[in-house]
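> just the structure for this:
(2 chains)
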Amino acid sequence: MSKTIAATALSAVLAWGIAGTAAHAETTINALFMSQAAYSEQNVRDMTADFMKANPDIKVNLEFVPYEGLRDKTLLSQGAGTGYDVVLFDVIWPAEYAENKVLVDVTDRITPDMKSAIMPGAWTTVDYKDHAYGMPWILDTKYLFYNTEMLKKAGIAAPPKTWDELLSQAKTIKDKGIVEFPIVWSWAQAEAVICDYTMLLASYGGEFLSGDGKPAFQSGGGVQALDYMVKSMEAGLTNPNSKEYLEEDVRRVFSSGQAAFALNWTYMYNLANDPKESKIAGNVGVVPGPGIPGKLEASAVNGSMGLGITAASKHPDEAWKYIVAMTSLDTQSKYAQLSLPIWSGWYDNPKVDKSQEPLIAAAKVGLAAMYPRPTTPKYQELSTALQQAIQSALLKSAAPDAALKDAAAASGL
Amino acid sequence: MIENRWMSSRAWFLPLPLLFIMASIIGWPFIRTIWTSFTDARLLAATGEWIGLTNYLNALGNPLVQSALLVTTKFVVYSVSIEFIAGVLAGLLLDQEFRGRTFLRALMILPWALPTVVNATMWRLIYQPDFGALNAMLTQLGMIDSYRSWLGDPQSALWAVCLADAWKNFPLVALICLAALQSVPSELKAAATIDGAGFWKKFRAVYLPFLAGPLTVAVVLRAIEAFKVFDIIWVMTRGGPANSTKSLSIVVYQEAFSFQRAGSGASIALIVALISAVFTAIYVTAMRRQAEVR
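This is a model prediction of the structure:
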């Protein structure tokens, strides 16, 4: 695996070396991206080429790694004291990166205009303790996808707005024999299960951590969220295989017409509507994640990513210039088909295909409701402990509240 | 005499560059790891404080490490046993004279040549609970009533991973077995057949003496490899469901890299290395015994 990454990285660097020889570059900066982010690798190359055309004195070397390698590569190159000027990072890492001085504080570089024109929810991607450690770039959250044909067949007029409605509609669909397991989720022992759990926890008014940074998910909304997951499985409304599924598995099950509802990221919308990838193209509906009456109208988890300057960078000014260009409204509007912009003004007059309109409508609500996963430098430990607790409860080897209490004890917080 | 002494001192001199390189890329990191394991070093901090045996005591008392040790041991026993049985049977089969034997011998190397990640992804698809090939086959054969979640059930997940691992690695055992069988003199085989020995008798009296040594080597080699297992489990289950396939190497990775506790990670890694060293000692003894037999 690491060999493949190294080889890909090397070929990427070499390709750029050859392509870049003609430019009369003065400063070279290295940027680390992820392959298969919302934008494609080619998109990032095109955006970067545009930037270099506008700034002939800056040359940008690009490197792409899979998501799994992004954090390790950033941390280890930092430890080695060499490496990247600009890195892409996931919403769950800023706390750890800030505490370990991997990223520099860019609060002072952000102008008041930028601050006000970018959606408040987007800023939670890069903030830690009231300081910004980069610019939000890829906005993403999970939505509730549904099979419009199955709902029609079951005589359901509108998709669910609350979690209880989701279960009752799923029951109707199951009882009518339309599909055996109406809901599919990504509940494998991985970060994916935490994202689904976060939406439920937020809906039930739960909290991951209390004000003093101690675990708080083992009581109240946190337990109710896990109860909901277990009950939906006991009732046969959730696909029992969800406990080994990641997002791509959810997409395959939903796209093959074996589920009426699925929780997944933005990317599934276009793929589930692509006849080459899906049997249900044209029958895909999307709405914001359900809520709970009186508590939360719609739920969403922040799954965004940002771009930051590393502490090891010798060219922070050039790096910032590049980040500003990559996250600008111009660049983001141009590629809006693949990833929705961070700029709130764009949503008033979105210029995308008509087919994207349901997604934009869901995004307007969803992106504003994005709930963050806990911002703590010990996030990885917390998440690992929670993943195991959720799975123990789903497998019935522990009761939800007991499992969560164990996770709280093992979280290292 | 003089020439000999010169030869022996030169013999020591010649591999010096190699020894130097090995010392710097294997020896130094190894010593550093041992040192780190006695400190509370973090991944990104320069150095840690000396804390003596604390990491080791914590590791041995950690229920997660204990369960990972059990999982890893089961993984070694299950997958090496399957590889051993399948490997010997395949070796015996390929030693027979039949049409297409060469083709089959070449074909058998294929799984072994596959990268582990490719193999793991492929088996993940085979085990896929909603439209995987295994479920389809077993239901059509009437062996199960409904589709099952092989990797989502703690009872079957480890077995499923072991089977995938064994499929990739049994060709190694089969090849070693085949090579050993080729060294059995054909007159011995013929004599046994003429004397009317059945399969089992022939296997025990004629083949086994030639197989015992090489097979010990193969099994110990596979056990050393299997004990370090990381990639196939990581791709197939990430240690789930509920840690039922979390091996020691995954715990090491999480400690050292995910949680940034380099010191604690190093101590668990060294415990793994120590256990592997025991297998290695068995391997070396087996090799020596085989050399003596020859």
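
> OK, now which residue of chain A is nearest to chain B?
A:Gln189 (2.7 Å; Cβ to the nearest Cβ). All C-beta spots, glycine's among them, are computed from the backbone N, C-alpha and C.

> now stretch A:65-80: mean pLDDT?
In this model, stretch A:65-80 has a mean pLDDT of 86.

> kindly apply the preceding question to stretch B:112-125 instead.
94.

> what comes up buried for that stretch?
Within stretch B:112-125, the residues that count as buried by 16 or more other Cβ atoms under 10 Å in any protein chain shown are B:Trp112, B:Thr116, B:Asn119, B:Ala120, B:Trp123, B:Arg124.

> briefly note if it comes near chain A.
Yes: using Cβ under 8 Å from any Cβ of the partner chain, stretch B:112-125 reaches chain A at B:Val117.

> B:Phe13: how many residues sit nearby?
By the criterion of other Cβ atoms under 10 Å in any protein chain shown, B:Phe13 has 9 neighbours.

> among the buried residues of stretch B:112-125, which one sits closest to A:Ile29?
Set against A:Ile29, the nearest of these by Cβ to Cβ is B:Thr116 (35.4 Å).

> I'd say that closest one and B:Val229 touch.
No: B:Thr116 is not in contact with B:Val229 according to Cβ atoms under 8 Å; the separation is 9.4 Å.

> list the contacts of whichever residue of the stretch 151-294 of chain B sits closest to chain A.
At 2.7 Å from chain A, B:Gly240 is the closest residue in the stretch 151-294 of chain B, using Cβ to the nearest Cβ. With contact taken as Cβ atoms under 8 Å, 6 or more residues apart in numbering or on different chains, B:Gly240 is in contact with A:Ala188, A:Gln189, A:Ala190, A:Lys243, A:Glu244, A:Gln387, A:Gln391, B:Ala157, B:Lys246.

> on that earlier part again, quick one: neighbours of the residue of chain A closest to chain B, just the number.
A:Gln189, neighbours per other Cβ under 10 Å, totals 26.

> could you check the pLDDT of the closest residue to it other than its chain neighbours?
Residue nearest to A:Gln189 in three dimensions, not counting chain neighbours: B:Gly240, with 2.7 Å by Cβ to Cβ, 6 or more residues apart in numbering or on different chains. What the model reports as pLDDT for B:Gly240 is 85.

> let me know the secondary structure of B:Gly240.
Using DSSP: H, G, I helix; E, B strand; the rest coil, the structure places B:Gly240 in coil.

> how about the residues of the stretch 151-300 of chain A by chain B?
With Cβ under 8 Å from any Cβ as the criterion, the stretch 151-300 of chain A comes near chain B at residues A:188-190, A:239-241, A:243-244, A:249, A:252-253, A:256, A:258.

> of all those, which two lie farthest apart?
Of all pairs drawn from those, the widest gap by Cβ to Cβ lies between A:Gln189 and A:Ser256 and measures 23.7 Å.

> among the buried residues of stretch B:112-125, which are in helices?
Judged by DSSP state H, helices contain the following of these: B:Trp112, B:Thr116, B:Asn119, B:Ala120, B:Trp123, B:Arg124.

> what number of residues lie near the residue lying closest to the fifth one once chain neighbours are set aside?
Closest residue to B:Trp123 apart from its sequence neighbours, by Cβ to Cβ, 6+ apart: B:Ala164 at 3.7 Å. Neighbour count of B:Ala164, defined by other Cβ under 10 Å: 25.

> and the closest residue to A:Ala410 other than its chain neighbours, helix, strand or coil?
Spatially, and ignoring its direct neighbours in sequence, A:Ala410 is nearest to A:Ala385 (4.2 Å; Cβ to Cβ, 6+ apart). Using three-state DSSP, the structure places A:Ala385 in helix.

> pretty sure A:Ala385 sits against A:Leu404.
No: A:Ala385 lies out of contact with A:Leu404 (Cβ under 8 Å); the separation is 9.5 Å.

> and stretch A:250-269, what's its mean pLDDT?
pLDDT averaged over stretch A:250-269 gives 95.

> so for stretch A:318-333, mean pLDDT?
95.

> and what of stretch B:283-294?
76.

> ok, now stretch B:177-189?
The model assigns stretch B:177-189 a mean pLDDT of 89.

> tell me the SS of the nearest residue to B:Asp40 once chain neighbours are set aside?
Nearest in space to B:Asp40, with sequence neighbours left out and distances taken as Cβ to Cβ, 6+ apart, is B:Gly48 at 4.3 Å. Here B:Gly48 is coil, with the state taken from three-state DSSP.

> circling back: with secondary structure and distance to B:Pro185 added, can I get the residues of the stretch 151-300 of chain A next to chain B in TSV?
Shown next, in TSV, are these (DSSP: H, G, I helix; E, B strand; the rest coil; distance: Cβ to Cβ, whole Å):
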residue	secondary structure	distance to B:Pro185
A:Ala188	coil	54
A:Gln189	coil	54
A:Ala190	coil	56
A:Asn239	coil	60
A:Pro240	helix	57
A:Asn241	helix	55
A:Lys243	helix	56
A:Glu244	helix	52
A:Asp249	helix	55
A:Arg252	helix	56
A:Val253	helix	58
A:Ser256	coil	58
A:Gln258	coil	59
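
> just the buried subset of those, please.
Buried among those (16+ other Cβ under 10 Å): A:Ala188, A:Gln189, A:Ala190, A:Asn239, A:Pro240, A:Asn241, A:Lys243, A:Glu244, A:Asp249, A:Arg252, A:Val253, A:Gln258.

> so the last one versus A:Val250, what's the distance?
Spelled out, that is A:Gln258. Using Cβ to Cβ, to the nearest Å, we find A:Gln258 at a distance of 11 Å from A:Val250.

> what residues are shared contacts of those two?
Counting by Cβ under 8 Å, 6+ apart, the shared contacts of A:Gln258 and A:Val250 are A:Val184.

> ok so, going back, per-residue confidence at the residue nearest to A:Ala410?
94.

> now do the contacts for it.
By Cβ under 8 Å, 6+ apart, A:Ala385 lies in contact with A:Asp406, A:Ala407, A:Ala408, A:Ala410, A:Ser411, A:Gly412.
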